[in-house]
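>>> coords below, sequence missing:
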C-alpha cells in the first residue's frame, strides 16, 4: 500500500472516529456502539499516521494514562470547589413535600363516580371521591366535564368509563 493512500486512510479513520464520537455525544444517548467505534477509529487513525509503530503505541498509551489522570484531577477539582452541585441534581423528592411514588390504596375507588377534569383520550385526569387521579379509558374518548365511573384498578392504573355506560 502506498504511503499516500495510507495517510489518507488514516485521516479518514480519524475523521470518521470524530464523527462517531460527536454522534454519540449529541445525538445517540448513552455510551454504546458509536462511542466505542469512534474511540477505535481515532486510535487506529493515530496509529496509521505514525512512522514507527512502537513509538505510536507508546504515545497512545501515554495519552490514555494522561487522560485518566486529568479526569481524576478534574473530579477532585469539581468536588473541592463545589462545582459538582452544578452538574448533578441535588434536590430530593420527599414524602413530606407531597411526592408519592405509588398509590396502592386505590382499590376502594371501584364503582365510585367522578368527573373528567380533562378530556380523556384515552388518558387524562378525573376527580373521584374528592381526589384528582390520572385515569385511562378503555380506548374511547370522553370529553371534560363528563361523569365517569371507576370500573377497574390495576396497581396505579385507574380505568374508567362514562357513568351511563358503566351500569
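Ah, there it is. Note that the structure is predicted; figures quoted are calculated from it, not measured.

>>> could you look up the SS state of the nearest residue to residue 41 once chain neighbours are set aside?
In this structure, residue 41 finds its nearest non-sequential neighbour in residue 17, 3.2 Å apart by Cβ to Cβ, 6 or more residues apart in numbering. (Each C-beta comes from the backbone N, C-alpha and C, glycine too.) What DSSP: H, G, I helix; E, B strand; the rest coil gives for residue 17 is helix.

>>> who are the contact partners of residue 17?
Applying Cβ atoms under 8 Å, 6 or more residues apart in numbering to residue 17 gives the contacts 37, 38, 39, 40, 41, 42, 43, 44, 45.

>>> pLDDT at it, what is it?
pLDDT, residue 17: 88.

>>> going forward can the numbers begin at 29, since that is how I track them
Okay, residue one is now 29; in that scheme the one you just asked about reads as residue 45.

>>> how close does it get to residue 83?
For residue 45, the distance to residue 83 equals 20 Å [Cβ to Cβ, to the nearest Å].

>>> you'd agree residue 168 is up against residue 147?
No. Between residue 168 and residue 147 there is no contact under Cβ atoms under 8 Å: 11.3 Å.

>>> and these two? which has more neighbours close in?
Neighbour count, other Cβ atoms under 10 Å: between residue 168 and residue 147, residue 147 has more, with 15 against 11.

>>> need the nearest residue in space to that one, chain neighbours excluded.
The spatial neighbour of residue 147 that comes closest, neighbours along the chain excluded (Cβ to Cβ, 6+ apart), is residue 172 at 5.1 Å.
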